Structures are given as structure tokens and as C-alpha cells.
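K.L.:
Predicted coordinates and the sequence they were generated for:
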Amino acid sequence: MIRTLVLAAAVLAPLTMAAHAQGPGRPPLVETPTLSRTHEGLPPIEERVPDEPLVVDLSAKGREEGVHGGDLDTLIGRAKDVRLVNVWGYARLVGYDEDFALRPDILRAVDEEEGRAFTLHLRRGHRWSDGEPFTAEAFRYWFEDVLTNAELTPTPDTFMLVNGRLPTFEVIDDVTVRFTWHAPNPRFLPTLAQARPPFIARPAHYLKRFNPKYGDADEIARLVTEARVRSWAPLHNLRDEMYDATNPALPSLQPWVPSEQSNDRRAVMVRNPYFHRLTTSGHQLPYIDRVVMQVVDGSLIATKVQAGETDLQARGLVFADLPVLKRGEAQRGYSVRLWPEANAAAMAIYPNLTVADPQLRALFRDRRFREALSLGVDRELLNRVLYYGLGKPSANLVLEASPLFEGEGAPEPPAYDPERANALLDEVGLTERNGAGIRLLPDGRPLELVVETAGEEAIQIDALELIKDTWAEIGVGLFPRPSQRDVLRNRAFSGELAVSVWYGYDNGLPSADMPPDERIPLSEMFLAGPAWGAHAASGGAAGEAPDYPPAKTLMTLYDGWLTSASREARAQAWRDIVRLHADEVLTIGTVEGVVQPVVVSAGLKNVPQEAIYGWDPGAQFGLYRPDEFYFADGG
């Protein structure tokens with residue numbers, strides 16, 4: 001059975017409908033009047049946009065035709081966050097629409113056969129940001145000269161492997177390529193749509209200069225010396241950074257690209273004059289000329305936003321900043337919009353079932369103990385005190401807006417019940433207590449759990465202080481320990497980490513076709529069992545093979561999802577995974593539906609009033625196509 005991605009869904013999103021309805025033609029084209037702000041000496045628009053562009057019907061999306069011009073100012077807390085321009089720009093081979101359905105974007109169409117063969121159709125006349133043609137050669141170079149070159153890619157990305165095997169790759173013609181696996185690969189298309197995609201098409205015309213198979217050996221040797229690297233491979237990798245947005249010479253397909261005007265404290269991204277999206281009125285997107293990203297101390301972002309120093313801001317803002325942000329609305333002419341987060345929970349507690357301490361490991365693997373800890377969390381209190389009652393209790397599973405949500409039959413987080421929690425802990429055998437009322441482990445140690453956090457949000461520490469009080473009522477001591485992300489990961493990997501607090505699962509809005517990787521022990525960031533994850537990630541070279549029945553079942557269910565050729569089978573595998581997480585209380589959720597403050601300047605238009613703020617799916621602003629945002633006065 002062949003499924004064409006352009007037409008497959010029962011309901012087509014307006015963006016896809018508009019693109020498809022135009023066919024190979026283009027509407028009458030209108031030159032961008034502010035193009036000279038960012039470029040000079042370019043060919044006319046007729047020679048810059050594809051023969052088969054993606055034509056966006058803004059009115060069908062409830063948006064307005066805009067005007068070109070202006071700089072969008074935003075703040076970032078670290079220099080490396082300039083890469084967010086490639087997240088927010090969200091130009092992908094295929095991407096999610098606002099209903100979280102996959103649609104062609106950079107690609108004109110995708111034909112899928114039996115879930116294992118994917119034929120990718122490019123847009124004729126599409127060009128890289130430097131004006132060079134974007135053709136099948138971009139995919140061929142990546143597959144034959146990057147992915148399968150051990151010097152550049154020692155280990156291929158897992159989304160390209162099925163049972164450890166890569167696909168066959170074919171160039172059909174200049175605008176058509178095909179990947180064919182021996183068995184279904186349901187991870188392929190969703191991975192291309194991620195906030196951080198794998199970039200399976202590379203600008204070969206630029207990168208060949210750094211590859212001895214194509215480039216001049218003396219020139220490559222000189223460049224290796226200049227870059228102070230050991231050989232051509234790290235030089236090539238240094239120049240081939242499609243995500244980081246720090247190399248102005250690297251051609252791109254995103255709406256804004258790095259410029260030479262950037263420095264360590266201020267990144268200036270300029271429009272891509274060859275971008276593939278048009279409006280029905282013939283205007284090339286993006287509307288905004290430049291995105292200017294100012295690097296500031298992260299602790300000052302809320303204050304600077306209140307002072308009116310940004311046009312669009314969510315990064316660096318947290319729920320606790322709301323009072324400060326609301327005070328600045330009237331004077332500074334911005335609005336604060338409250339977008340619910342797409343996380344399955346604002347934060348969750350993760351007992352490490354592979355912790356090195358043998359007594360804690362045995363205790364954590366007793367489901368009754370995990371249930372007791374969950375019953376000892378007063379979620380209503382957390383919601384009321386920390387989130388002004390705007391959220392709701394969460395079990396860190398899936399949100400109601402997910403197509404996988406089971407309605408009335410969906411698992412619910414338990415109500416606060418210290419009496420039941422105490423009974424379960426007695427049943428486990430933790431009946432002895434010290435003078436402070438803390439239960440004792442079999443070896444006589446007090447049951448005092450150090451709960452580690454990366455320290456990225458102060459509200460997590462506040463939440464732990466509240467949980468500390470309610471856990472004390474059931475005889476469990478809690479000691480919050482702020483740490484750093486890298487330190488927390490290393491301690492998880494080594495088995496020293498006993499309990500951690502982290503965000504809930506990023507994707508609280510999964511569909512059957514989205515990989516359930518977060519909820520499976522596939523990497524050391526599976527905080528409920530980092531050693532199991534390390535074992536999977538290393539191919540068995542590190543960590544521990546899953547030896548706990550629920551973990552084994554998760555791996556079996558994941559294998560079922562991977563090998564399913566039908567959406568129905570994948571949906572059932574997903575539901576079984578979610579149900580197992582609920583039944584086994586593998587994580588302890590807190591509150592869901594917490595809002596992300598999004599500050600929008602008064603003159604910035606087409607930014608949704610109501611939206612979801614998430615990473616995958618969502619790409620933060622990317623799902624809502626910032627190339628369609630514009631300034632009412634042209635900036």
C-alpha cells in the first residue's frame with residue numbers, strides 16, 4: 001500500500017491544502033520591498049523562489065496578510081542558544097501542523113509504502129540560501145559521504161537503522177530520492193519533524209571543499225592547520241553544523257540564516273532570500289527582515305522584558321515571573337500570553353530503579369513503595385501554592401489533548417492519602433522509625449532520600465520543600481540537592497543518583513506515529529532506570545540489561561511499536577506503554593497544564609493568542625510559523 005503524505009490524512013490542514021492546490025504553479029509574485037536591508041545584487045524574485053513553492057493561505061489559518069520589514073528582538077541566556085533560530089524557523093522536510101499531523105514542507109510530497117519505503121519528492125527550482133540548487137545531490141552526499149563514512153559518522157543515528165541495518169538509497173532523478181528498509185521504520189518521518197532534526201540533506205557544493213574525496217588536498221591541509229584540528233574529518237564536522245547557526249558561510253533552507261554581523265553578545269540572523277514559502281498574494285516569506293538575539297544574564301531576562309527590550313520572548317521566562325511581567329504590560333506596550341506547556345507534567349520525581357545502593361534499589365523496585373511516595377504528594381497543594389490553581393494534578397502520562405488520551409478510562413493521579421501511604425510502607429516492612437519519625441531501612445539507616453535537581457528552575461526546589469513536609473507525615477525524609485545538568489547526568493550514569501526531579505515527559509501530546517522513546521529505557525536520560533538506558537544506547541557495552549519485569553515489558557512493547565506497519569497497532573502499543581507507566585508508578589507526576597508566559601510586543605502580528613508551548617512536537621514557536629509573523633508598521 002502506498003500512502004502519499006500530502007493526501008493521507010482524513011482532514012488536510014490549510015497549509016497543506018494551499019500548497020497542494022497550487023500544483024506546480026506560482027501565484028503572481030511580488031518583490032520584497034525591504035530586501036536591500038539584508039542583501040544586495042540578488043536576482044529578482046522570479047528566479048529566487050521554487051517553481052513549485054509551498055503556498056500558504058493565511059486567511060484559511062485565521063491570519064492576516066502582512067507587510068515586510070523590521071527586526072525581531074529577543075533575548076537568550078547563553079551564546080549557544082542562537083541555534084534556537086533553527087528551532088523557531090521550523091523549516092523541515094516534513095513537519096507538524098497545528099493539529100500535530102505530519103505534512104510536507106521543504107519536500108513537495110512523500111510516498112510511503114508498507115512503512116518501509118519512502119520516496120521523497122523535492123520542489124523543482126528550490127535553492128539553498130546562497131542561491132545554489134537544492135537537488136537530490138544533497139541527500140546523496142549526506143548518505144554516501146557523511147552517514148556511511150566512519151570517519152565522519154562512527155555510529156549511524158538509530159532512526160536510520162532497522163534491526164541494525166541501514167536502508168538502501170536511490171537517486172531517482174534530480175528531485176526524487178528513495179530510502180528503502182527491509183522492514184518498517186516508523187521513526188523515520190517523525191524524526192525529520194523534530195525541533196532538532198537530523199538534517200539528512202546537506203549542501204554538498206559547500207562541504208565538498210573540506211572532503212578529500214572531492215576537494216584539493218593542499219587546501220584541506222591548510223584549512224586543517226588554520227582550524228587547529230587533527231585531520232579533515234573534524235574540519236568537515238566543524239563546518240557542517242546545520243543546527244548550531246554559527247557558520248554564516250554554511251548554506252541553509254531555514255527562513256533566517258546567520259550573518260557576518262553577529263558577535264559573541266549579539267547574533268543577527270537575516271532573511272533567506274530563497275525561502276520556499278509564499279503567501280497566496282505572491283509575497284515571499286519570511287515577513288521579518290532580521291532576528292536579533294541578544295545574549296544577557298539569564299537572571300535578568302524577566303527584568304529586561306519588563307523594560308520592553310524584546311518583541312517575542314518565552315525563553316528564560318518561568319511561571320514565577322508572571323507578576324513582574326504583568327506589571328510592565330501597560331507601560332511597555334506588550335501583552336503576556338499564557339500558553340499551556342506540552343509537558344506531561346510541569347515536573348516529576350524519578351526514583352532510580354538502577355541505583356547502586358542495594359537496599360534502595362530493592363526498595364525502589366517494590367511497586368508499593370513507589371505508590372506510597374505518590375500518595376504522599378499533595379498535588380492540589382502544589383497547584384494552589386505554586387501555580388495559582390491554573391494547573392491540575394498529573395501522573396506524568398499524556399495530556400487530554402493527545403489523541404492517545406483514553407477519556408473517562410484514563411489513569412488518574414492519586415489523591416493525597418497519607419493514611420494509605422503509611423499502610424503501604426508498613427506492608428513493605430518499613431515499620432521501625434527513629435526519634436524524628438523517619439522510617440528505618442533494614443540496615444538501620446534512616447529512610448532519607450536525597451532528591452537531586454539540575455537547579456534550572458527555582459520552583460522545583462519550592463515544590464520539593466512542600467513535598468518534604470507531606471513525605472515527613474509518612475515517615476520518609478526528603479533532602480533537595482540543587483546540582484547542574486551535566487553533574488546530574490553523570491551521577492545518574494554512575495548509579496550514585498537515587499532520586500531526581502526533572503521536567504515531566506516533553507511530549508505530553510503524542511500521537512500513534514510519534515516515537516515513544518522518552519518513556520522507554522533507551523538512554524541514560526531515562527531517569528527511572530539510567531543504567532538500562534545506557535545499556536540500550538551503547539549496544540550492550542555499558543550499563544545494565546533490563547532485569548526488572550516492567551522494564552522488560554517496556555522494551556517488548558517498544559519493539560512492537562517499531563515493527564508495526566499500521567497506525568492502529570502503533571496506537572495500541574503506545575496505550576500499553578502509557579498504561580504500564582501508570583500501573584507501575586514508574587514516575588511520580590505533580591501538576592500538568594502549567595502555563596508558559598509568552599511576551600509579545602504590541603506591533604507584532606499573527607502570533608496566536610492561544611497555543612501550546614512544547615519542544616517535540618512544537619519547536620516552541622516553530623509550530624506556529626514565525627515566518628508568518630510581521631510588524632504592523634513594517635518594523
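P.N.:
Great, that's in hand. Numbering: from 1, shown residues only.

K.L.:
Check what pLDDT the closest residue to Ser402 other than its chain neighbours gets.
P.N.:
Among residues not flanking Ser402 along the chain, Leu509 sits closest, at 4.7 Å (C-beta to C-beta, 6 or more residues apart in numbering). From N, CA and C alone the C-beta is placed, and that goes for glycine too. At Leu509, the model reports a pLDDT of 94.

K.L.:
helix, strand or coil for Leu509?
P.N.:
With DSSP: H, G, I helix; E, B strand; the rest coil as the basis, Leu509 sits in coil.

K.L.:
Quick check: it touching Phe100?
P.N.:
Yes: Leu509 is within contact range of Phe100, at 6.1 Å (criterion: C-beta atoms under 8 Å).

K.L.:
Now do the shared contacts for these two.
P.N.:
Pro617 (C-beta atoms under 8 Å, 6 or more residues apart in numbering).

K.L.:
all strands of the stretch 151-300 of the chain, in order?
P.N.:
With DSSP state E, counting those that start in this stretch as the criterion, the stretch 151-300 of the chain has strands at 168-173, 176-180, 256-258, 266-271, 277-279, 290-295.

K.L.:
Show me the strands in the stretch 1-150 of the chain, by range?
P.N.:
Here the stretch 1-150 of the chain has its strands, by DSSP E, counting those that start in this stretch, at 2-4, 54-56, 71-76, 94-96, 102-104, 109-113, 117-121.

K.L.:
Just give me the neighbour total for Lys304.
P.N.:
The number of residues packed near Lys304 is 16, by other C-beta atoms under 10 Å.

K.L.:
wait, I meant Pro203
P.N.:
Counted with other C-beta under 10 Å, residues neighbouring Pro203 total 24.

K.L.:
just Pro27 next, same as before
P.N.:
Neighbours of Pro27 using other C-beta under 10 Å come to 14.

K.L.:
Same question for Val324.
P.N.:
Val324 has 15 neighbours, counted by other C-beta under 10 Å.

K.L.:
got the contact list for the spatially closest residue to Arg327 that is not a sequence neighbour?
P.N.:
Nearest non-adjacent residue to Arg327, counting by C-beta to C-beta, 6+ apart: Gln306, 6.5 Å away. By C-beta under 8 Å, 6+ apart, Gln306 lies in contact with Val324, Leu325, Arg327, Gly328, Arg332.

K.L.:
The second one sits in which helix or strand?
P.N.:
In the assignment (DSSP states H and E), Leu325 maps to helix 322-332.

K.L.:
what about the helices in the stretch 451-600 of the chain?
P.N.:
458-472, 485-494, 530-537, 549-563, 567-584 (DSSP state H, counting those that start in this stretch).

K.L.:
what's in contact with the second one?
P.N.:
What that stands for is helix 485-494. Counting by C-beta under 8 Å, 6+ apart, helix 485-494 makes contact with 352, 356, 452-454, 456, 483, 497, 500, 524-525, 527, 530-531, 534, 543, all of which sit outside it.

K.L.:
Just the buried subset of the residues you listed, please.
P.N.:
Those of the contacts of helix 485-494 that meet the buried threshold are 352, 452-454, 456, 483, 497, 500, 524-525, 527, 530-531, 534, 543, by 16 or more other C-beta atoms under 10 Å.

K.L.:
Need the max-distance pair from those residues.
P.N.:
Within the buried ones among the contacts of helix 485-494, two members stand farthest from each other by C-beta to C-beta: Glu456 and Gly543, at 25.2 Å.

K.L.:
ok so, going back, and among the helices of the stretch 451-600 of the chain, the most buried is which?
P.N.:
helix 530-537 (a mean of 24; mean count of other C-beta atoms under 10 Å).

K.L.:
Averaged pLDDT, it. What do you get?
P.N.:
For helix 530-537, mean pLDDT rounds to 95.

K.L.:
Which elements pack onto it?
P.N.:
Other elements packing on helix 530-537 under the criterion 3 or more C-beta pairs under 8 Å, 6 or more residues apart in numbering; DSSP states H and E are helix 485-494.

K.L.:
tilt between the helix it packs on and helix 530-537?
P.N.:
90 degrees (axes from the mean of the first three to the mean of the last three C-alpha atoms, to 10 degrees).

K.L.:
ok, back up a step: just name the most buried of the strands of the stretch 151-300 of the chain.
P.N.:
Scoring the strands of the stretch 151-300 of the chain by mean neighbour count under mean count of other C-beta under 10 Å gives strand 256-258 as the most buried, with a mean of 26.

K.L.:
Listing partners with orientation, what would you give for that one?
P.N.:
Here strand 256-258 is paired, per DSSP bridges, with strand 266-271 (antiparallel).

K.L.:
Name the spans of this protein whose pLDDT lies under the cut-off.
P.N.:
Scanning the chain for pLDDT under 70 picks out 1-24.

K.L.:
could you list every residue that touches Ala632?
P.N.:
Going by C-beta under 8 Å, 6+ apart, Ala632 touches Val67, Gly603, Leu604, Lys605.

K.L.:
and the residues you listed, which are buried?
P.N.:
Buried by 16+ other C-beta under 10 Å: Val67, Leu604, Lys605, out of the contacts of Ala632.

K.L.:
From those, pick the one nearest Arg420.
P.N.:
Using C-beta to C-beta, Leu604 comes nearest to Arg420 of the buried ones among the contacts of Ala632, at 50.6 Å.

K.L.:
Now the closest one: closest residue in space, sequence neighbours ignored.
P.N.:
Leaving out its chain neighbours, the residue that sits closest to Leu604 by C-beta to C-beta, 6+ apart is Asp311, at 5.3 Å.

K.L.:
before we move on, back to that, strands - which of the contacts of helix 485-494 land there?
P.N.:
Taking DSSP state E, the ones among the contacts of helix 485-494 that sit in strands are Glu452, Thr453, Ser500.

K.L.:
returning to what we had before: would you mind giving the helices of the stretch 451-600 of the chain as CSV with distance to Thr168 added?
P.N.:
Output for these, formatted as CSV (distance: least, C-beta to C-beta, whole Å):
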stretch, distance to Thr168
helix 458-472, 47
helix 485-494, 36
helix 530-537, 26
helix 549-563, 19
helix 567-584, 24
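
K.L.:
and of these, who's closest to Leu161?
P.N.:
Nearest to Leu161, of all these, is helix 549-563, at 10.4 Å by C-beta to C-beta.

K.L.:
Could I get the CA-only coordinates of the closest one as CSV?
P.N.:
Extracted C-alpha coordinates of helix 549-563, given in CSV (Å, rounded to 0.1, in the frame of the first residue of the first chain):
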residue,chain,number,x,y,z
PRO,A,549,9.9,-7.2,34.6
PRO,A,550,8.2,-3.9,33.9
ALA,A,551,11.4,-2.6,32.2
LYS,A,552,11.5,-5.8,30.1
THR,A,553,7.8,-5.3,29.1
LEU,A,554,8.5,-1.7,28.1
MET,A,555,11.2,-2.9,25.7
THR,A,556,8.9,-5.6,24.3
LEU,A,557,6.1,-3.0,23.7
TYR,A,558,8.7,-0.7,22.1
ASP,A,559,9.7,-3.5,19.7
GLY,A,560,6.0,-3.9,18.9
TRP,A,561,5.7,-0.2,18.1
LEU,A,562,8.9,-0.4,15.9
THR,A,563,7.7,-3.3,13.8
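
K.L.:
end-to-end on stretch 606-619?
P.N.:
Using C-alpha to C-alpha, to the nearest Å, the end-to-end distance of stretch 606-619 comes out at 17 Å.

K.L.:
so where do the helices sit in the stretch 101-250 of the chain?
P.N.:
Using DSSP H, counting those that start in this stretch, the helices found in the stretch 101-250 of the chain span residues 137-141, 188-192, 204-207, 217-227, 232-239.
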